[in-house]
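Q: Dropping a prediction and its sequence here:
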Amino acid sequence: MEALSCAILTLALVAALSLLSKGFFPQPQKLKLPPGPKPWPIIGNLSLIGPLPHQSLHKLSQKYGPIMKLMFGSYPVVIASSAEMARQFLKTHDHIFASRPETAAGKYTTYNYKNLTWAPHGPYWRQGRKIYLSHLFSSKVLDSVEYIRVEENRAFLSRLCAVSGKPTMLKEHLSRLTLSIISRIVLGKKYFSVSESETSIVSLEEFQEMLNELFLLNGVLNIGDWIPWAQCLDLQGYVKRMKALKKKFDRFHDHVLDEHKANMKEVKDFVSKDMVDLLMQLAEDPDIEVKLNYDSVKGFTQDLIAGGTDTSATTVEWAMSELMKQPHLIEKATEELDIVIGRERWVEEKDIAQLHYIDAIMKETMRMHPVAVMLAPHLALEDCNVAGYDICKGTRVFINTWSMGRDPSQWNAPEEFNPDRFLGKAIDVKGQNFELLPFGSGRRMCPGYSLGLKMIRSSLANLLHGFNWKLPDNATTEDLSMEEVFGLATPRKFPLVAVLEPRLPLYLY
């Protein structure tokens, strides 16, 4: 009885002190958070996210607005779904949201955050970005390897001509094209084989499967990233797959680096011939500001290969898919090509500036089918006020570019594929027009966008210039599914199959 009385007295005293403290000490001001659905304990709002997270978040944004707050497990998440909100995070407050959260994908598939995509904001990331912009993607470097893009495009078009008249899976050919270009620019040569008679460290099919797995695993909502105590359980099996993928890439990278290292030792005054050579020289430079190691070289190399292959191929496949649903758009494009280029030669990179309709098709594709439907997550480095709302340090921020492309306040009839909307409009894709951000914007913008644009424009223009297109027998435009598969890149669920016939003189192929 005395113990009970003592407990009651203690509780009363605590309550009294609590009331007194409210009177004598100023209370912290209540935060004004963005609107959003009420979270469940432990899982937060993860139950609201379906197999296509960008579409789930788009539907939620229609209810809660262009800036909304959710809880993914233990972490607050803010979703920006409009051009103005993207501008706030990627320009106005870019310095605050310039970092990345730690994820299992960053740890296990990018050599412990050693690539540019997942590296946290800081000296290592700043140096990596400087290397990309100054040494790897400068206009001088890109011009010096134009011959590689030309040679691989010619080989690509010849391979397509060889299968003319037959149902052809376009993505396979596009992936081989982009991987061939990137491999020669980054690695110095192609390290994959395309037939059983060739010997190589990996086959084209195996390497493409590795890249597909990389993009998928870097885009999944991994439970362990959001509920820390569940990390060790690996409930979805993603971490197991990440570790298995790392072993495959390790085998590939070790082979490439060993070969480059041997070449460097054999030549007295060695001059770098490709991007791996340059990265390895920088790794051995004692005067470099932040020391690079071989994991850095592997991480950067993997970034360059992955970022330049599947993204470009996916964009062109989406473009051709949309055009085949509206054949009159192909007629309009080929009319421009015949006038500007004629039918006696292929499209060259210097011609692109005059091909306004081809440019409009590319932009419209990027509006409706951005490869990164949600930009890689940004991390708030400190508390911040955005559009009148309080965003706390540690908040993860996603920019939903898929939703932005369907904003009726920005786009007339946004669900319609209509390249004409870009004709005569000064809207580019270089990060300054926030309604169209296929490569992101600000500090974390994709540094290789200039190479990506060259590859996408030239391959798209020559596909339309060089071939007539139709669907296989018994297939109609209504049969052409436009379903997606979610990941860091968002490809078609069902690859495009088409029948093509040459439309230029055969000697050009």
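A: It's in.
Q: going forward, measure contacts and count neighbours with C-alpha atoms only.
A: Will do.
Q: Could you pull out the strands in the stretch 301-450 of the chain for me?
A: With DSSP state E, counting those that start in this stretch as the criterion, the stretch 301-450 of the chain has strands at 378-379, 384-386, 389-391, 396-399.
Q: As a markdown table, the ones you listed with mean neighbour count would be great.
A: As requested, the strands of the stretch 301-450 of the chain are exported to a markdown table (neighbours: other C-alpha atoms under 10 Å):
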| stretch | mean neighbour count |
| --- | --- |
| strand 378-379 | 24 |
| strand 384-386 | 15 |
| strand 389-391 | 18 |
| strand 396-399 | 24 |
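Q: Can I get those in CSV including mean pLDDT?
A: Shown next, in CSV, are the strands of the stretch 301-450 of the chain (pLDDT from 0 to 100):
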stretch, mean pLDDT
strand 378-379, 98
strand 384-386, 97
strand 389-391, 98
strand 396-399, 98
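Q: Residue 212 and residue 485, how far apart?
A: 11 Å (C-alpha to C-alpha, to the nearest Å).
Q: Equivalent analysis for residue 389, please.
A: Plainly put, residue 389 is 33 Å away from residue 485 if you go by C-alpha to C-alpha.
Q: again, but for residue 213
A: 12 Å.
Q: try residue 223
A: Applying C-alpha to C-alpha to residue 223 and residue 485 gives a distance of 19 Å.
Q: quick one, which of these two is more surrounded?
A: Each of residue 223 and residue 485 has its neighbours counted (other C-alpha atoms under 10 Å); residue 223 has more, 21 against 14.
Q: now the more buried one: how far from residue 292?
A: Distance, residue 223 to residue 292, using C-alpha to C-alpha: 32 Å.
Q: pLDDT averaged over whichever strand or helix holds residue 105 - what is it?
A: If you go by DSSP states H and E, residue 105 is part of helix 104-109. Across helix 104-109, pLDDT averages out at 96.
Q: Remind me what that helix packs against, helices and strands.
A: helix 238-266 (3 or more C-alpha pairs under 8 Å, 6 or more residues apart in numbering; DSSP states H and E).
Q: Flag every buried residue along the helix it packs on.
A: Buried residues in helix 238-266, counting neighbours by 16 or more other C-alpha atoms under 10 Å, are found at 238-239, 242, 245-246, 249-250, 252-253, 256-257, 260, 264.
Q: Then stretch 397-411?
A: Within stretch 397-411, the residues that count as buried by 16+ other C-alpha under 10 Å are 397-407.
Q: hang on, the earlier thing: can you list contacts of the helix holding residue 105?
A: Residues from elsewhere that reach helix 104-109 (C-alpha atoms under 8 Å, 6 or more residues apart in numbering): 112-113, 118-119, 214, 217-218, 222, 224-225, 239, 242-243, 245-246.
Q: and with 6 Å instead?
A: Identification of contacts with helix 104-109 by C-alpha atoms under 6 Å, 6 or more residues apart in numbering yields 113, 118, 218, 242, 246.
Q: what's the closest of those residues to residue 101?
A: residue 118 (7.9 Å; C-alpha to C-alpha).
Q: tell me which element the closest one is part of?
A: Secondary structure from DSSP H and E places residue 118 outside every helix and strand.
Q: what do you get for residue 459?
A: helix 449-466.
Q: so which of the strands of the stretch 301-450 of the chain gets nearest residue 441?
A: Short answer: strand 396-399, nearest of the strands of the stretch 301-450 of the chain by C-alpha to C-alpha, at 10.5 Å.
Q: Tell me where the model's unsure across this protein.
A: Within the chain, the stretches with pLDDT under 70 are 1-29, 196-197.
Q: go again using 90 as the cut-off
A: By pLDDT under 90, the weakly predicted segments of the chain are 1-30, 134-136, 192-201, 263-273, 284-287, 289, 307-311, 426, 473-479, 487-489.
Q: Closest to the centroid, which residue in it?
A: Using C-alpha atoms, centre = their mean, the residue of the chain that lies closest to the mean C-alpha position is residue 372, 4.2 Å off.
Q: Nearest spatial neighbour of it, chain-adjacent residues omitted?
A: residue 489 (5.1 Å; C-alpha to C-alpha, 6 or more residues apart in numbering).
Q: Tell me which residues touch the one you found, please.
A: 215, 371-372.
Q: again with residue 49
A: Residue 49 neighbours (C-alpha under 6 Å, 6+ apart): residue 56.
Q: Could you check how far it is from residue 222?
A: Distance from residue 49 to residue 222, counting by C-alpha to C-alpha: 12 Å.
Q: got it, and residue 212?
A: To residue 222, residue 212 is 17 Å away according to C-alpha to C-alpha.
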